[in-house]
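*Asks:* please find the sequence and the predicted model below.
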Amino acid sequence: MNEIELLIALLGVVAAISWLARALGVPYPIFLVLAGLGIGFLPGLPPLEVDPDVIFLVFLPPLVHAAAWTASPRQLKANARTVSLLAVGLVLATTAAVATVAHALLPELAWGPALVLGAIVSPTDTVAATAIFRRLGVPERVVSVIEGESLINDGASLVIYRVAVVAVATGAFTVGGTLGNLLLVGAGGALLGLAVAIVIAQVRRRVEDATIEITVTLLTPYLAFLPAEELGLSGILAAVSSGLYLGWRAARDFNASTRLQAYGFWGVLIFVLESTLFILIGLQVPDVLAALSGEPVGRLALAAALVVSVVIAVRLVFQFTVGSLEERWDRRRGRADALGWRERAVVGWSGRRGAVSLAAALSLPLATASGAPFPGRDLILFLTIAVIGVTLLVQGLTLPLLVRRLGVEVEPSASGRDKALTRFRTVEAALERIADLSFEDGGQSPSVERAREMYAIRAQQLSGACRTGVPDSDDSDVATWTRLRRELLGVERSALLDLRDEGKVNVGVVREVERDLDLEEERLKRAAP
């Protein structure tokens, strides 16, 4: 079996394992890591060597760009202080604590590589946590905080990572010099990504082909990432800022058909990228263990246990110190959704590590600028695998139980109610437009009256009335009816965006209602003569 055949086989394993995990109700990354580990120990397999630069370039830009695309700038602004403390303050604290412990336990891991390890394991992967929270009805602010944290801490940690890796690889590492470059590298990358996004938005307005538009969305994170890296700036923050800007504009810049296809394409792409990373990390284990075969097993196990403990403990301590002070500040300012100790405990326990840490670890250079092996690379990979594995298993599997035991729940139907309320407001806007049209044509148009009946029934359905369907009108002109329906869908979409821009609904509800409108528009196109 050559490398190409192995990669194809791995994609089949990804599909089968993910299906099995879903059937058993277990997070699929756990099974994928174990599958990669099992495959890695099979005899006769060719070594699967992937260039670290390829890992960083191929995987990370689309992963962070996609996360930013679905984020809400308004929610980030509303929770700016909390998110900043977690995404910057906690990242720095975790990086420093992990580096200190790793360097103390493993003196061969110098300060530079130790800081690289700290940066790798500091970002969280909260996709699974937010899915659990929404299913259990956890308060929306908790979900918004961990989503915003995961987005920003990816950028913050990877800025530290890249600066530290370059410093170690070139042999010019100093803590002060590394920290001094962070602001310039990070801010410059974010601004460059925003500039690229503005240009891309102008280009997309002039393209009306769905296939080309989706291709442009695939190229966008790389168009932001590559120039930033060439200029010595943060390509990751460039990908994040471009995703935030373009994601917020997607409702206006994409038509319904393109948007539905783009969401489907990106959903599959991110699943494949993340799944491949989890498989690859499992495949690395045999090689890493072979490289560390001369190290005492007890010493490695102790180092792994302590590093994992530090990663988990720092987050929990941060929540009950800095987070506690923030709660007091929020309550003094009269904020009704201040996070109490139960919510902070859940946020503290939702810090599992995942795809970003995997990609960063796998993209470590094999050698320094002088040609010498990158110092401590195998140790860093081993400790990263330990952190990811334990947080996936322990925190990933116990988080739902913790949420239930602490009682951090609201009504399970809250998200459905929010969606219905939001859709009801868009229907109200359509009814207002119908009223205006009735005055304009003197109330003689059968299409207008048909639309009035349909939207009145829809409003009753959304308010709980048990009525369904709108009978077709034989005397209604099909072309007029189609034009009117499209206009009213535009009114609904405009009202939805106004609600979003005014901060009256969260971005998740907006996307669900937007999808309903897109599907209606597509059905209307297919039904048109």
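*Replies:* It's in. Numbering: from 1, shown residues only.

*Asks:* any chance you could map the helices in the stretch 201-350 of the chain?
*Replies:* Applying DSSP state H, counting those that start in this stretch to the stretch 201-350 of the chain gives helices spanning 210-230, 235-253, 256-291, 297-332, 341-349.

*Asks:* just those: most buried one?
*Replies:* Highest mean neighbour count among these (mean count of other Cβ atoms under 10 Å): helix 235-253, with a mean of 25. To be clear about C-beta, it is placed using only N, CA and C from the backbone, and glycine gets the same treatment.

*Asks:* got the angle for it vs helix 256-291?
*Replies:* Helix 235-253 runs at 160 degrees relative to helix 256-291, counting by axes from the mean of the first three to the mean of the last three Cα atoms, to 10 degrees.

*Asks:* output the below-cut-off pLDDT ranges for the stretch 151-300 of the chain.
*Replies:* In the predicted model, the stretch 151-300 of the chain carries pLDDT under 70 at residues 172-182.

*Asks:* picking that back up, what would the helices of the stretch 201-350 of the chain look like in JSON lines with distance to residue 491?
*Replies:* Converted to JSON lines, the helices of the stretch 201-350 of the chain look like this (distance: least, Cβ to Cβ, whole Å):
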{"stretch": "helix 210-230", "distance to residue 491": "24"}
{"stretch": "helix 235-253", "distance to residue 491": "14"}
{"stretch": "helix 256-291", "distance to residue 491": "14"}
{"stretch": "helix 297-332", "distance to residue 491": "38"}
{"stretch": "helix 341-349", "distance to residue 491": "38"}
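
*Asks:* among the ones you listed, which comes closest to residue 101?
*Replies:* Across those, residue 101 has its closest neighbour in helix 297-332 (5.1 Å, Cβ to Cβ).

*Asks:* centre of the chain to that closest one, how far?
*Replies:* Helix 297-332 has its C-alpha centroid displaced from the chain centroid by 22 Å (Cα atoms, centre = their mean, to the nearest Å).

*Asks:* and that helix, what does it pack onto?
*Replies:* Secondary-structure packing of helix 297-332 (3 or more Cβ pairs under 8 Å, 6 or more residues apart in numbering; DSSP states H and E): helix 91-105, helix 111-121, helix 341-349, helix 377-390.

*Asks:* do that again at 10 Å, thanks
*Replies:* Here helix 297-332 touches helix 80-84, helix 91-105, helix 111-121, helix 341-349, helix 377-390, going by 3 or more Cβ pairs under 10 Å, 6 or more residues apart in numbering; DSSP states H and E.

*Asks:* could you measure from the spatially most central residue of the chain over to residue 239?
*Replies:* Closest residue to the average C-alpha location of the chain: residue 67 at 3.1 Å, with Cα atoms, centre = their mean. The span separating residue 67 from residue 239 equals 10 Å under the rule Cβ to Cβ, to the nearest Å.

*Asks:* so what's in contact with the two at the same time?
*Replies:* Any residue near both residue 67 and residue 239 by Cβ atoms under 10 Å, 6 or more residues apart in numbering counts here, and that gives residue 154.

*Asks:* any idea which helix or strand in the protein has the lowest mean pLDDT?
*Replies:* helix 127-136 (a mean of 65; mean pLDDT, DSSP states H and E).

*Asks:* so for residue 23, which of the helices of the stretch 201-350 of the chain sits nearest?
*Replies:* Comparing the helices of the stretch 201-350 of the chain under Cβ to Cβ, the one sitting nearest is helix 256-291, at 16.1 Å.

*Asks:* report the angle between that closest one and helix 210-230.
*Replies:* Taking the same axes, to 10 degrees, one finds helix 256-291 and helix 210-230 inclined to each other by 40 degrees.

*Asks:* buried residues in stretch 58-77?
*Replies:* 58-72, 74-76 (16 or more other Cβ atoms under 10 Å).

*Asks:* helix or strand: which one has residue 61?
*Replies:* Assigned by DSSP states H and E, residue 61 falls within helix 52-69.

*Asks:* other SSEs contacting that helix?
*Replies:* In terms of contacts (3+ Cβ pairs under 10 Å, 6+ apart), helix 52-69 is packed against helix 140-170, helix 175-205, helix 210-230, helix 235-253, helix 256-291, helix 355-362.
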